[in-house]
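In: With the input below, show me the fold.
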Amino acid sequence: MKKQRPVHLDLQTIRFPATAIASILHRVSGVIMLFAVGILIWLLNESLASADSFAGVQSLFDSFIVKFIVWGILTALGYHLIVGIRHLVMDAGYWEELSSGITSAKVAIALSVVFSIIAGIWVW
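Out: Just a heads-up that it's a prediction; the model follows:
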C-alpha cells in the first residue's frame with residue numbers, strides 16, 4: 001500500500017486559515033504573558049521598596065524601550081483576552097461551523113489590532 005503523505009513540507013508555502021492563525025497567536029500571547037508577569041512583579045517590587053525606588057521605576061517609563069515592552073505586554077494581554085472569549089463562546093457551542101469560525105477569528109484579530117492601537121496611544 002502506497003502512502004500519499006508528503007515527503008517534504010515547505011512551511012513557507014502552506015497557507016494557514018484565519019482560525020489556525022488565531023489559535024497559534026493565542027498560545028504565543030499566553031507565553032508572552034508568562035514572561036510579562038515576571039517583569040511586572042519585579043517592577044511592582046521595585047516601586048514598593050521606597051520612595052526613591054518608586055521614582056526610579058517611574059523614570060524608567062520615559063525610555064522608548066520600556067514603553068515598547070509595556071505596549072507589547074498590553075497587546076498580548078488584549079489579544080489573549082479577546083481570543084480567549086472567542087474560544088469560550090466556541091466551547092459553549094456557538095461559532096462551531098467553519099464559516100462562522102473563520103469570521104469570528106477575523107473579527108477577533110481585527111478587534112485585537114484596534115485594541116493594540118489604542119494601547120499604543122495610551123502608552124505614548
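In: host element of the residue nearest to the spatial centre of the chain?
Out: The centre of the chain sits closest to residue 76, judged by CA atoms, centre = their mean, with a distance of 2.8 Å. Element membership for residue 76, per DSSP states H and E: helix 64-91.
In: Please apply the same query to residue 19.
Out: helix 18-49.
In: what's that helix packed up against?
Out: helix 51-60, helix 64-91, helix 98-123 (3 or more CB pairs under 8 Å, 6 or more residues apart in numbering; DSSP states H and E). For glycine as for every other residue, the C-beta is placed from the backbone atoms N, C-alpha and C.
In: show me where pLDDT drops low in the protein?
Out: 1-2, 6-7 (pLDDT under 70).
In: so how far is residue 40 from residue 103?
Out: 34 Å (CB to CB, to the nearest Å).
In: And residue 8, by the same measure?
Out: Counting by CB to CB, the gap from residue 8 to residue 40 is 43 Å.
In: In terms of packing, which of the two has more residues around it?
Out: residue 40 (13 against 4; other CB atoms under 10 Å).
In: wait, what's in contact with the more buried one?
Out: residue 73 (CB atoms under 8 Å, 6 or more residues apart in numbering).
In: how near is it to residue 69?
Out: Distance of residue 40 to residue 69, computed by CB to CB: 10 Å.
In: Residue 24 now?
Out: 22 Å.
In: neighbour-wise, which of those two wins?
Out: Legend: neighbour count by other CB under 10 Å for residue 24 and residue 69, higher for residue 69 (15 against 11).
In: Near the closest residue to that one other than its chain neighbours, how many other residues are there?
Out: Computed as CB to CB, 6 or more residues apart in numbering, the closest residue to residue 69 that is not its neighbour in sequence is residue 39, at 7.1 Å. Close neighbours of residue 39, defined as other CB under 10 Å, add up to 13.
In: what do you get for residue 118?
Out: The number of residues near residue 118, taken as other CB under 10 Å, comes to 12.
In: residue contacts, it?
Out: Contacts of residue 118 by CB under 8 Å, 6+ apart: none found.
In: Then residue 25?
Out: Applying CB under 8 Å, 6+ apart, the residues near residue 25 are 79, 83, 109.
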